[in-house]
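Trainee: Quick one: sequence and predicted model below, then my questions.
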Amino acid sequence: MAEYKEIDSVAVIELKNPPANALSKALVTGLNNGVKRAIDNPRIKSIVLIGNGQHFSAGADITEFPRVADVTSKQGVSLLTVGDVIESCNKPVVSAIHGVCFGGGLEIALFSHYRLAVQSAKLGFPEVSLGILPGANGTQRLPRVVGFEVAMDMIVSGKPVSAPQALQYGILDKIVDGDLLTAAVQFAKTLNTVPHDRRLKNVPVPNSENANKHFEEKLAKIKQKQRGYIAPINCLKAVKASVDLPYSEGVTKEFQLFMELMSSAQARGQQYSFFSERAATKWYLSASKNYKVSKDIPVKTAGVIGAGTMGSGIAVSLLTSGIPVILVEQDSKNLERGIELIKSILQGGVKLKRMTQSQMNQILQILQPTTKIEDLQSVDLIIEAVFENLKLKQELFSKLDKICKRDTVLCSNTSTLDIDKIAKSTSRPEKVVGTHFFAPAHIMPLLENVYGNHTSAETIATVMKLSKKIRKIPVLVKTCHGFVANRTFFEYSQELRFVVEEGLLPNEVDDILEDFGMPMGVFKVNDLSGIDVGWRIRQEQAIANGFNLTTNTRYINGERYCAIADKIFQAGRYGRKTGKGWYQYDKPGGRVAMVDPNVNNIILNHCKELGLTRRKISTQEVIERCMFAAINEGFRCLEDGIASKPEEIDTIWLHGFGFPRYRGGPMFYASQVGLRKVYERIKYYQKHFPETSHWIASEMLQRIAESGRNVPISEWTKFNPTPTSSRL
Ligand SMILES: CCCCCCC/C=C/C(=O)SCCNC(=O)CCNC(=O)[C@H](O)C(C)(C)COP(=O)(O)OP(=O)(O)OC[C@H]1O[C@@H](n2cnc3c(N)ncnc32)[C@H](O)[C@@H]1OP(=O)(O)O
């Protein structure tokens with residue numbers, strides 16, 4: 001776990017816990033033993049701490065977190081014990097850093113007396129994203145090096161800094177070229193004693209004159225931008241304690257704030273999210289088709305068809321990852337508009353200092369716009385982003401099949417259509433796959449990849465690998481109408497329309513959802529995505545199923561239907577783009593949503609016409625109805641084999657819909673509420689709303705709820721009555 005060796009008068013302790021040297025109890029104990037051995041050996045004059053493999057250390061071992069008692073236990077060796085041993089050691093200790101030096105890893109480095117790193121190293125405190133704070137004195141030590149403001153920014157944001165930036169801040173003493181170990185040993189040999197100010201607890205916090213002002217400003221920002229999250233607030237308070245209190249009291253305050261977070265439901269949700277994102281990328285269809293054994297096709301060039309909002313965003317994601325793109329539109333006018341859109345997105349990046357003007361120009365060099373689809377003949381992968389119409393997509397895929405080289409992967413950005421129906425228009429269904437991006441495609445992190453019955457493992461591996469290359473979080477799901485994202489979101493939003501039909505106004509519903517933690521209420525989301533888009537999807541579906549939607553339709557095939565959205569559409573209110581939808585906006589394309597009495601009139605008249613009596617609906621009922629409807633559909637996705645594990649559904653909601661990370665995702669939320677209760681409430685709503693089929697409880701949910709025990713989320717799929725794929 002920690003390997004000890006001696007190079008002349010220098011003891012080298014290598015942290016070894018692959019893949020990221022997470023500081024497990026065993027590693028911390030090994031490190032402690034190593035330092036003590038060096039202290040006890042009179043031939044040793046200085047000590048180097050270094051990481052084995054790719055990184056110095058990714059910080060404390062998160063898998064050990066659930067056992068809070070272990071973290072605080074006075075028995076055994078904790079990060080704090082070893083930290084004290086390092087700091088009080090009379091032989092200089094040097095941390096030699098490469099890869100990442102995060103969390104507890106950076107705390108170890110800050111207990112050390114000197115810090116060296118290679119140019120590519122990254123240093124930071126990502127704890128806030130796990131719902132906690134750097135509890136091994138990081139909140140008291142970092143400010144003593146970088147001052148209050150920088151420490152506050154680093155700890156509250158959780159964002160790492162590069163080695164050059166860390167050198168500038170004074171976190172690093174030196175950046176070294178060449179072999180890190182050789183350089184560190186050489187450096188350590190030049191050291192004899194530990195000066196007083198190399199023990200950070202002895203040093204006051206520099207540049208803290210305006211700490212009160214910075215604190216207040218940051219607190220206001222957190223409350224606005226990270227509404228509902230408690231970890232950033234505790235992080236901020238802990239850093240402030242470094243200024244307000246002497247070191248010995250500051251660490252006590254840090255401990256109290258740390259424990260508050262560690263035992264919180266938010267930390268459980270955020271830590272679950274960390275692992276579920278990783279679990280979701282591990283796809284498994286069979287022993288010969290899975291993420292471990294399946295090889296991808298390298299994507300050196302790509303094509304994007306359709307230069308509208310989605311196509312342009314997709315092109316930007318590829319281009320900014322260094323993949324040359326051929327962008328195809330049907331005519332030069334649309335093509336020109338697409339190029340302008342791409343340029344304006346990139347220009348936005350320049351403004352935000354995410355890239356320089358010259359980097360933007362270089363990116364544009366690898367964009368090849370064209371109106372000739374034949375230009376795609378030799379690209380490795382194509383993403384189609386044309387209008388959501390099956391016939392149109394089938395014609396396009398049939399054409400591509402004839403034009404493109406045999407191993408080109410053909411992707412559709414459809415958000416709802418069955419991939420098998422698109423694939424059947426080609427002679428290469430094994431190369432056809434769904435890549436469902438979320439708007440805006442260059443920003444939203446989720447990529448819902450969709451396989452059909454004929455999609456090959458090689459094709460799946462290709463899009464899963466590409467997703468990571470373009471910095472997306474991929475989830476693989478099976479084809480069906482709406483896949484996982486839209487299937488579950490549909491039930492959520494439909495239930496909320498029913499709530500409006502029964503008594504609440506759209507802004508009242510949105511306020512409840514935003515208080516729950518959603519970044520935007522569902523009616524604001526509708527306005528953003530376009531009321532006309534939703535209307536067209538409903539019309540297409542109705543036509544496909546042989547129904548005629550009129551604005552006074554209350555039931556379709558015996559199912560409850562709410563026509564208020566159709567009435568909003570018919571009033572010419574298409575959403576933000578027209579300056580009015582469920583809300584009134586300051587201008588077409590405006591962002592400020594205001595309550596519009598005209599919308600309220602549409603709703604009230606609708607209820608009057610249908611003889612519906614409106615009632616008060618509680619916050620609890622609203623949350624239960626939308627969340628439990630989505631959760632029940634989530635269980636059905638598992639039963640149907642559309643998703644293979646609950647973590648996939650949660651990752652989709654976290655990164656596709658901005659579900660609050662501290663709640664883990666809808667399925668994790670269900671686990672926290674308790675599946676017995678969720679099941680009972682679903683049965684209750686079924687009794688009250690028998691004409692809504694999403695209240696028929698999933699069989700899998702029923703089985704778990706009736707099992708009489710609290711089944712952990714990792715075991716839910718064992719209760720699937722029709723398992724179609726295995727878990728890894
Ligand atoms: C009184 C109290 C005293 C105690 C106070 C303790 C205070 C300290 C707290 C902490 O340090 S919390 C941890 C802070 N660190 C992090 O949040 C880092 C998280 N990890 C990452 O950012 C990334 O994993 C990475 C290290 C940058 C590597 O990224 P990469 O994309 O290369 O690989 P991944 O798929 O993300 O990870 C590979 C593998 O490693 C597992 N892993 C990573 N970090 C940890 C960790 N800190 N603990 C446990 N496991 C970790 C990750 O889950 C992957 O596992 P598999 O999916 O392959 O099983």
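Mentor: Sure thing, it's come through. Numbers count the residues shown, from 1 in each chain.
Trainee: Next one: the residue most central in space within the chain from the ligand, what distance?
Mentor: Residue closest to the average C-alpha location in the chain (Cα atoms, centre = their mean): H655, at 4.5 Å. H655 sits at a distance of 15 Å from the ligand (criterion: Cβ to the nearest ligand atom, to the nearest Å). Bear in mind the C-beta positions are built from the backbone N, C-alpha and C, glycine included.
Trainee: Wait, that residue touches E448, no?
Mentor: No. Using Cβ atoms under 8 Å, H655 is not in contact with E448; the gap is 9.4 Å.
Trainee: nearest residue to the residue nearest to the centre of the chain other than its sequence neighbours?
Mentor: Counting by Cβ to Cβ, 6 or more residues apart in numbering, L446 is the residue found nearest to H655 once chain neighbours are left out, at 3.7 Å.
Trainee: returning to that earlier point: quick check: which helices or strands does the helix or strand the residue nearest to the centre of the chain falls within pack against?
Mentor: Secondary structure assignment for H655, by DSSP states H and E: helix 646-656. Packing contacts for helix 646-656, counted by 3 or more Cβ pairs under 8 Å, 6 or more residues apart in numbering; DSSP states H and E, involve helix 265-280, strand 446-451, strand 473-478, helix 485-502, helix 619-639, helix 666-673.
Trainee: Kindly reformat the ones you listed as TSV and extend each row with distance to N192.
Mentor: What follows is the helices and strands packed on helix 646-656, written out as TSV (distance: least, Cβ to Cβ, whole Å):
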stretch	distance to N192
helix 265-280	43
strand 446-451	54
strand 473-478	49
helix 485-502	61
helix 619-639	63
helix 666-673	53
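Trainee: Output those as CSV; include the columns mean pLDDT.
Mentor: Supplementary listing: the helices and strands packed on helix 646-656 in CSV, determined by pLDDT from 0 to 100:
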stretch, mean pLDDT
helix 265-280, 96
strand 446-451, 98
strand 473-478, 98
helix 485-502, 97
helix 619-639, 98
helix 666-673, 98
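Trainee: Nearest to the ligand, out of the ones you listed?
Mentor: Relative to the ligand, the nearest member of those by Cβ to the nearest ligand atom is helix 265-280, separated by 3.9 Å.
Trainee: Can you give the distance of the closest one from its chain's centre?
Mentor: The chain centre lies 10 Å from the centre of helix 265-280; the measure is Cα atoms, centre = their mean, to the nearest Å.
Trainee: Is there proximity between the helix or strand just after that helix and the ligand?
Mentor: The element immediately downstream of helix 265-280 (helix or strand, assigned by DSSP H and E) is strand 284-286. No. Strand 284-286 lies out of reach of the ligand by Cβ under 6 Å from any ligand atom, never closer than 13.4 Å.
Trainee: Each with direction, which strands does strand 284-286 pair with?
Mentor: strand 289-290 (antiparallel) (DSSP bridges).
Trainee: Give me the domain ranges for the chain.
Mentor: 2-262, 302-484, 488-498+616-641+644-728, 504-508+520-614 (automatic domain parsing).
Trainee: distance between the ends of the second one?
Mentor: Across domain 302-484, the straight-line distance between its terminal residues is 26 Å, by Cα to Cα, to the nearest Å.
Trainee: go on, the first one?
Mentor: The separation between the terminal residues of domain 2-262, taken as Cα to Cα, is 27 Å.
Trainee: residues shared between the contacts of H655 and E448?
Mentor: F438 (Cβ atoms under 8 Å, 6 or more residues apart in numbering).
Trainee: Point out the residues in this structure that sit beside the ligand.
Mentor: Counting by Cβ under 6 Å from any ligand atom, the chain sits next to the ligand at 19-20, 22, 55, 58-63, 71-72, 78-80, 100, 102-104, 126-127, 130, 134-136, 255, 258, 278.
Trainee: Pull out the buried members of those.
Mentor: Listed as buried from the residues of the chain next to the ligand are 20, 22, 55, 58-62, 71, 78-80, 100, 102-104, 126-127, 130, 134-136, 255, 258; burial here means 16 or more other Cβ atoms under 10 Å.
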